[in-house]
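Chemist: Here is the input, now give the coordinates:
(one chain, ligands or ions: 1)
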Amino acid sequence: MRLDSIGEDSGLPALDTPRLLIRGRTLAELESCLAMDRDPEVTRFIKGPWADPVAHRRFVEFRIERAYPPGLGYWSIWERSAPDAFVGWVMLIPDHGVGPEVEIGWRLVRTAWGRGIASEAAGAIVKHAFGTLRLARVIADIDARNGASRRVAEKIGMRLVSLVDEEGGGSCARYRLERGKG
Ligand SMILES: CC(C)(COP(=O)(O)OP(=O)(O)OC[C@H]1O[C@@H](n2cnc3c(N)ncnc32)[C@H](O)[C@@H]1OP(=O)(O)O)[C@@H](O)C(=O)NCCC(=O)NCCS
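Modeler: Below is the predicted model:
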């Protein structure tokens, strides 16, 4: 496949960085996404149907195929140095699927952790959110125990705005970033 054609069916713009290809996610990445989620370390702090293969597949397919408002959705990530190896995704979607807040998020295969890839990809999404879409702000809801994800939020300039106890224990850290305040 030509590198410049990856993700072109998604309707989302390419958000490439010097090190990364960041392209609208399509069904071509479905199996890679499912395999990533089957690593219990990856989904350790994330609620979802990971233990039920049928529900899991349906969940990811739906999130790839559903319509998002213009410019919002999921982007798959590859390293330019290894364009055959899917490394994860970043997203910018209506909070809980409906908004009005817009949520930013990230997930990578374990072998890609610890090299700044999530922060670099999230930075490209923030640029798109504020520079192209002119959103007023973005939010992120992160399990308070998820230190790596909270650090990514901080590294892209997000500020902690609340820590809310969740049913069944634990708490959710809400981060926010406003246009022009990063
Ligand atoms: C969260 C995640 C995307 C981070 O990806 P990454 O590419 O390793 O992130 P980066 O390298 O850009 O930054 C991670 C930062 O967290 C730090 N960190 C790593 N583990 C940490 C921990 N347990 N506690 C605190 N900080 C931690 C790193 O040192 C780094 O900070 P630094 O650059 O100041 O040293 C990755 O761990 C992941 O996919 N986790 C599973 C899915 C997930 O939890 N997604 C978020 C759901 S809200």
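Chemist: What sits closest to W78 if chain neighbours are left out?
Modeler: L21 (4.4 Å; C-beta to C-beta, 6 or more residues apart in numbering). (C-beta placed from N, C-alpha, C; glycine too.)
Chemist: and after whatever helix or strand that neighbour lives in, which helix or strand comes next?
Modeler: Per DSSP states H and E: L21 is located in strand 20-24. Once the chain leaves strand 20-24, the next helix or strand it forms, by DSSP H and E, is helix 30-37.
Chemist: Is there proximity between that following helix and the ligand?
Modeler: No: residues of helix 30-37 contacting the ligand under C-beta under 6 Å from any ligand atom: none, with a closest distance of 8.2 Å.
Chemist: Which elements pack onto the helix or strand following that helix?
Modeler: The C-terminal neighbour of helix 30-37 among helices and strands, as given by DSSP H and E, is helix 53-65. Using 3 or more C-beta pairs under 8 Å, 6 or more residues apart in numbering; DSSP states H and E as the contact criterion, the neighbours of helix 53-65 among helices and strands are helix 30-37.
Chemist: how close does the residue nearest to W78 sit to R63?
Modeler: 20 Å (C-beta to C-beta, to the nearest Å).
Chemist: And the two? Which one has more around it.
Modeler: Comparing L21 with R63 by neighbour count (other C-beta atoms under 10 Å), the higher total belongs to L21, at 21 against 17.
Chemist: shouldn't the more buried one be in contact with P83?
Modeler: Yes: judged on C-beta atoms under 8 Å, L21 makes contact with P83 at a distance of 6.3 Å.
Chemist: Overlap of the contact sets of the two?
Modeler: L3, I6 (C-beta atoms under 8 Å, 6 or more residues apart in numbering).
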